[in-house]
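Q: next one to model:
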Amino acid sequence: MKILHLPTSVGGNAWGMSQAEKELGLISEVLIVEQNWLKYNCDYNLNLQGISFLQRVKVLYKWFKRANNYDVLHFNYGSSLLDFQKLGLVLLELPFYSKKQKIIFTYNGSDARDVHPIEYWDEIENPKKSLYQKIVKIVKKYKIKKVEKYADHIFALNPDLLYYLPSRATFLPYSISNWNEIKKYSYEIKDKIKIIHSPTSRELKGSDYILKALEKLEKKYDNIEVQIIENIPHKDALTLYQEADLVVDQVLIGWYGGFAVEVMKMGKPVAVNIREKDLKFIPDDMAEDLKKSIINITPFNIEEVLSNYIENNTLLYEKSKKAVEYVEKWHNPRYVAKIVKDIYEK
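A: I've put the predicted structure just below:
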């Protein structure tokens with residue numbers, strides 16, 4: 001069976017899944033239309049940034065024809081090859097793929113989620129949506145409706161996305177791009193507890209609330225050190241993550257990202273906002289294991305919760321152990337690839 005993952009590298013999920021599919025005996029490749037600053041691996045990079053629209057269409061159409069050589073087309077980030085959202089021309093080629101091919105879609109986050117998906121929005125700022133944001137929401141809904149028509153299966157990497165996707169969509173745990181390269185490090189806190197925050201989007205991660213809380217903690221305790229990591233290549237960031245004693249992911253979205261999976265595999269305790277009501281979408285055992293493995297925070301209790309762990313750092317050692325056990329069980333790429341392979345073969 002020959003699989004092509006396309007057309008983005010968001011979160012490194014496609015590459016991680018592709019590598020695990022190969023381990024299961026499948027032929028699996030990753031195509032991206034352009035690279036981002038994180039520089040995740042891929043098999044084919046079309047490098048379409050900076051070229052004219054006509055040139056772009058020519059290259060994409062060539063790959064559309066070539067895609068017919070694959071048994072499964074696994075699209076990610078709610079997009080396809082001929083997908084020009086700003087022009088209102090979306091998912092153009094979906095009706096024209098062979099009926100013998102399996103069409104799979106994986107949604108990663110903001111490709112399905114509302115513009116402001118935040119549980120606490122009414123309690124913080126609750127900004128009015130601009131006209132542009134309202135249009136984006138309409139386009140997302142239209143695209144999801146079109147995917148529902150042509151996709152054989154739909155996955156969601158965040159449980160809350162299932163509020164926005166068709167009822168037949170199912171939850172799928174993250175696959176990270178470099179599972180075998182990330183090693184567990186012996187967890188040992190030295191003179192200071194090093195706290196790391198590494199946002200890809202400060203707004204969505206709630207970085208303002210996190211940074212204000214961390215600033216207060218730095219004034220309150222002399223045994224902590226805070227480092228913000230952003231806008232650097234993924235491989236460089238991974239090296240810096242190794243130095244963390246505690247990682248703060250996000251406080252608004254209600255789920256964790258691929259970044260959290262990476263650092264948990266290293267044995268780093270993670271503080272993150274997990275929305276209890278969304279856990280109904282994931283396996284019961286996974287939900288129970290998650291509650292034991294992470295430090296659950298909200299925008300309003302970051303300082304209080306983290307103070308408890310700073311003052312009782314034996315709790316951090318316990319979370320370190322649980323974090324590794326959790327990701328080894330629920331985010332092992334072979335486990336995720338087997339779920340996907342079963343869908344491919346149905």
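Q: what secondary structure does Gln227 sit in?
A: Under the three-state scheme (DSSP: H, G, I helix; E, B strand; the rest coil), Gln227 adopts strand.
Q: okay, now it: neighbour count?
A: Applying other Cβ atoms under 10 Å, we find 14 residues neighbouring Gln227. For every residue, glycine as well, the C-beta is placed using N, CA and C.
Q: swap in Ala287?
A: With other Cβ under 10 Å as criterion, Ala287 counts 16.
Q: burial measure for the nearest residue to Asn76 once chain neighbours are set aside, as a count.
A: Spatially, and ignoring its direct neighbours in sequence, Asn76 is nearest to Thr106 (4.7 Å; Cβ to Cβ, 6 or more residues apart in numbering). If you count neighbours by other Cβ under 10 Å, Thr106 ends up with 26.
Q: show me what contacts Thr106?
A: Asn13, His74, Phe75, Asn76, Tyr77, Ile154, Phe155, Ala156, Leu157, Leu172 (Cβ atoms under 8 Å, 6 or more residues apart in numbering).
Q: any idea how far the nearest residue to the third one once chain neighbours are set aside is from Thr8?
A: So that's Phe75. The shortest distance from Phe75 to any non-neighbouring residue, by Cβ to Cβ, 6+ apart, is to Phe105 (4.9 Å). As judged by Cβ to Cβ, to the nearest Å, Phe105 and Thr8 stand 12 Å apart.
Q: so what sits against both of these two?
A: What both Phe105 and Thr8 touch, as defined by Cβ under 8 Å, 6+ apart, is the set Asn76.
Q: between these two, who's got more neighbours?
A: Phe105 (29 against 24).
Q: that one touches Gly78, doesn't it?
A: Yes - counting by Cβ atoms under 8 Å, Gly78 is a contact partner of Phe105 at 6.7 Å.
Q: overlap in contacts, these two.
A: Val147.
Q: related to what we said a few turns ago, select from the contacts of Thr106 the one having the most neighbours.
A: Once you tally neighbours by other Cβ under 10 Å, Asn13 ends up highest among the contacts of Thr106, having 28 neighbours.
Q: A strand includes Leu31, no?
A: Yes - counting by three-state DSSP, one finds Leu31 located in a strand.
Q: which of the contacts of Thr106 sits closest to Leu60?
A: Nearest to Leu60 among the contacts of Thr106: Phe75, at 13.3 Å, using Cβ to Cβ.
Q: how about that closest one, secondary structure?
A: Applying three-state DSSP: Phe75 is strand.
Q: now do the contacts for it.
A: Leu6, Pro7, Ile103, Ile104, Phe105, Thr106.
Q: mind putting those in JSON lines, distance to Lys338, secondary structure and pLDDT included?
A: What follows is the contacts of Phe75, written out as JSON lines (distance: Cβ to Cβ, whole Å; DSSP: H, G, I helix; E, B strand; the rest coil; pLDDT from 0 to 100):
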{"residue": "Leu6", "distance to Lys338": "22", "secondary structure": "strand", "pLDDT": "98"}
{"residue": "Pro7", "distance to Lys338": "25", "secondary structure": "coil", "pLDDT": "97"}
{"residue": "Ile103", "distance to Lys338": "20", "secondary structure": "strand", "pLDDT": "98"}
{"residue": "Ile104", "distance to Lys338": "15", "secondary structure": "strand", "pLDDT": "98"}
{"residue": "Phe105", "distance to Lys338": "19", "secondary structure": "strand", "pLDDT": "98"}
{"residue": "Thr106", "distance to Lys338": "16", "secondary structure": "strand", "pLDDT": "98"}
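Q: run through the helices of the stretch 101-250 of the chain in chain order.
A: With helices called from DSSP state H, counting those that start in this stretch, the stretch 101-250 of the chain shows them at 131-150, 202-205, 207-220, 234-241.
Q: tell me the average confidence for the second one?
A: Put plainly, it is helix 202-205. Mean per-residue pLDDT for helix 202-205: 86.
Q: report the buried residues of it.
A: For helix 202-205, burial by neighbour count (16 or more other Cβ atoms under 10 Å) applies to Leu204, Lys205.
Q: got the contact list for it?
A: Under Cβ under 8 Å, 6+ apart, the answer for helix 202-205 is Ser110, His197, Pro199, Asp208, Glu230, Asp249, Gln250, Val251, Leu252, Ile253.
Q: so which of these is the closest to Asn296?
A: Out of the contacts of helix 202-205, the member with the shortest distance to Asn296 (by Cβ to Cβ) is Val251, at 9.9 Å.
Q: residues contacting the closest residue to Ser80 other than its chain neighbours?
A: Of all residues not flanking Ser80 in the chain, Leu91 sits nearest, at 4.8 Å (Cβ to Cβ, 6+ apart). Listed by Cβ under 8 Å, 6+ apart, the contact partners of Leu91 are Ser79, Ser80, Leu82, Asp83, Lys143, Lys146, Val147, Tyr150.
Q: how is the chain divided into domains?
A: Split into domains by automatic domain parsing, the chain comes to 2-175+333-345, 179-330.
Q: quickly, which of those domains bottoms out on average pLDDT?
A: For those, where the average pLDDT is lowest is domain 2-175+333-345, sitting at a mean of 91.
Q: for Gln101, give me its contacts.
A: Asn68, Tyr70, Asp71, Val72, Leu73.
Q: quick check, Ala337 in contact with Glu21.
A: Yes - using Cβ under 8 Å, Ala337 is in contact with Glu21, at 5.0 Å.
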